[in-house]
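In: sequence? don't have it. structure:
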């Protein structure tokens, strides 16, 4: 486990380094993922369909119009009284054994933070790793979904969060 952590830490440090254009490895990998996604969509590959994310009622729940969860592996939320309430921009990620081990999700938007907490609760998520900052280059990238002090208590759609 320690070796895996050291390798992970080494990889993260390498991705944080800037190239001659001032671009981080994270930015380059993000662009590569985006291009790969476009390639799959351009080929009309139905195995990677994103119909749920493209549905008009769900579009506002996506931070970016071109980064949508694949239908075959998307996380579905327990339904509420709201139509299409099972949608969140998140996918299950398989581990080495093929089991659904992780959830990859966009940083919640102000109007999806309750859904984010519904997902965490429904799937009994114990650890959240945030891979972005709340704000990056003057743009909001993630709605805060955590308490900033021990005294703070937040209510996200009936789910009470405290530190």
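Out: Arrived safely, thanks for sending. This is a predicted model, so every value here is computed, not measured.
In: which residue is nearest the middle of this structure?
Out: Nearest to the geometric centre of the chain sits residue 105, at 1.6 Å (C-alpha atoms, centre = their mean).
In: show me what the lengthiest strand in the chain is packed against.
Out: Counting by DSSP state E, the longest strand found in the chain is strand 87-94. Here strand 87-94 touches helix 51-54, strand 74-76, strand 100-105, helix 113-122, going by 3 or more C-beta pairs under 8 Å, 6 or more residues apart in numbering; DSSP states H and E. C-beta coordinates here come from the backbone N, C-alpha and C atoms, glycine included.
In: same question for that strand, mean pLDDT?
Out: Taken as a whole, strand 87-94 has an average pLDDT of 96.
In: cool, stretch 34-53 as well?
Out: Mean pLDDT, computed over stretch 34-53, is 79.
In: buried residues in it, which are they?
Out: In terms of neighbour count (16 or more other C-beta atoms under 10 Å), stretch 34-53 has its buried residues at 37, 48-50, 52-53.
In: what's that stretch in contact with?
Out: With contacts defined as C-beta atoms under 8 Å, 6 or more residues apart in numbering, stretch 34-53 is touched by 58-59, 62, 66-72, 74, 87, 89.
In: quick one: end-to-end distance for stretch 113-132.
Out: Using C-alpha to C-alpha, to the nearest Å, one end of stretch 113-132 lies 15 Å from the other.
In: what residues sit buried inside that stretch?
Out: Here stretch 113-132 shows 113-120 as buried, counting by 16+ other C-beta under 10 Å.
In: show me where the protein has helices.
Out: If DSSP state H is used as the criterion, the helices of the chain fall at 2-16, 25-42, 51-54, 113-122.
In: pLDDT weak spots in this protein?
Out: 1, 42-44, 82-84 (pLDDT under 70).
In: show me it divided up by domain.
Out: 1-41, 51-162 (the TED database).
In: which of those sits most buried?
Out: When those are scored by mean count of other C-beta atoms under 10 Å, the highest mean neighbour count falls to domain 51-162 (a mean of 14).
In: any idea how far that one is from the chain center?
Out: Distance of domain 51-162 from its chain centroid, counting by C-alpha atoms, centre = their mean, to the nearest Å, is 6 Å.
In: what about the closest residue to residue 161 other than its chain neighbours, distance to residue 101?
Out: Leaving aside its sequence neighbours, residue 161 sits nearest to residue 154 (C-beta to C-beta, 6 or more residues apart in numbering; 4.6 Å). Using C-beta to C-beta, to the nearest Å, residue 154 is found at 28 Å from residue 101.
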